[in-house]
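Q: Got a predicted model here, sequence first, then my questions.
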Amino acid sequence: MPKRLLTLAVNGRRHEVAAADHTLLLELLRDTLGLTGTKQGCDGGECGACTVLVDGAPRLACLTLASAVEGREVETIEGLGRSGRMGALQQAFHERLGTQCGFCTPGMMMAAEALLRREPRPSEAQIRDALAGNLCRCTGYVKIVESVQAAAGTHP
């Protein structure tokens with residue numbers, strides 16, 4: 001299978017990688033770059049576990065061809081923390097118990113991160129809307145919403 005050279009930035013770091021035309025962004029991140037925080041869930045764009053940010057917007061890595069992010073900025077869950085420390089959203093999820101098994105957590109956090117960047121103090125309805133494409137099979141979403149509210153400084 002012929003490959004082509006792709007240039008992209010992932011979590012602020014420039015990469016040049018060879019990828020076949022059919023390679024999914026999810027495969028590139030996990031298998032080529034070793035960034036396994038992005039989870040492979042349903043493989044059909046239904047669960048949101050593979051949500052990453054492409055140029056700041058949420059994108060399902062299981063449905064995105066790697067070639068579609070040529071020259072763009074991709075952010076994964078690994079990019080939320082800095083210097084070995086959790087970012088504010090990660091800290092809020094930890095403190096407010098926004099995770100259960102943790103499988104959906106990377107996708108939830110990336111969708112929430114995109115929301116908080118465009119709306120720093122979102123309402124509960126805005127949070128629920130932003131997370132609507134992300135499924136969690138362990139919780140009733142209450143702690144997840146509270147975690148996003150805590151990160152935004154709006155939790156009652």
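A: On my side now, so go ahead. The model shown is predicted, which means the values in this text are computed figures rather than measured ones.
Q: C-alpha from now on. contacts and neighbour counts both.
A: OK.
Q: Mind giving me the packing neighbours of the longest helix along the chain?
A: Scanning the chain for the helix with the most residues, using DSSP state H, yields helix 105-118. The contact analysis (3 or more Cα pairs under 8 Å, 6 or more residues apart in numbering; DSSP states H and E) places helix 105-118 against strand 51-54, strand 57-60, helix 88-95, helix 124-130.
Q: pLDDT on it, on average?
A: Averaging pLDDT along helix 105-118 yields 98.
Q: got it, and stretch 133-141?
A: Rounded mean pLDDT across stretch 133-141 is 91.
Q: ok, and for it, which residues are buried?
A: 133-136, 141 (16 or more other Cα atoms under 10 Å).
Q: okay, how far is it across it, tip to tip?
A: End-to-end distance of stretch 133-141 (Cα to Cα, to the nearest Å): 12 Å.
Q: roughly how far is that stretch from the heart of the chain?
A: For stretch 133-141, the gap between its own C-alpha mean and the chain's C-alpha mean amounts to 15 Å (Cα atoms, centre = their mean, to the nearest Å).
Q: Also stretch 147-156?
A: That offset, for stretch 147-156, works out to 19 Å (Cα atoms, centre = their mean).
Q: CA atoms only: put it into PDB for me.
A: Extracted as PDB, the C-alpha positions of stretch 147-156 are listed here (Å, rounded to 0.1, in the frame of the first residue of the first chain):
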ATOM      1  CA  SER A 147     -16.700  18.600  36.700                       C
ATOM      2  CA  VAL A 148     -17.000  20.900  33.700                       C
ATOM      3  CA  GLN A 149     -18.900  23.500  35.900                       C
ATOM      4  CA  ALA A 150     -16.100  23.300  38.500                       C
ATOM      5  CA  ALA A 151     -13.400  23.800  35.800                       C
ATOM      6  CA  ALA A 152     -15.400  26.900  34.600                       C
ATOM      7  CA  GLY A 153     -15.900  28.200  38.100                       C
ATOM      8  CA  THR A 154     -19.700  27.900  37.800                       C
ATOM      9  CA  HIS A 155     -20.500  24.900  40.000                       C
ATOM     10  CA  PRO A 156     -23.000  26.000  42.700                       C
END
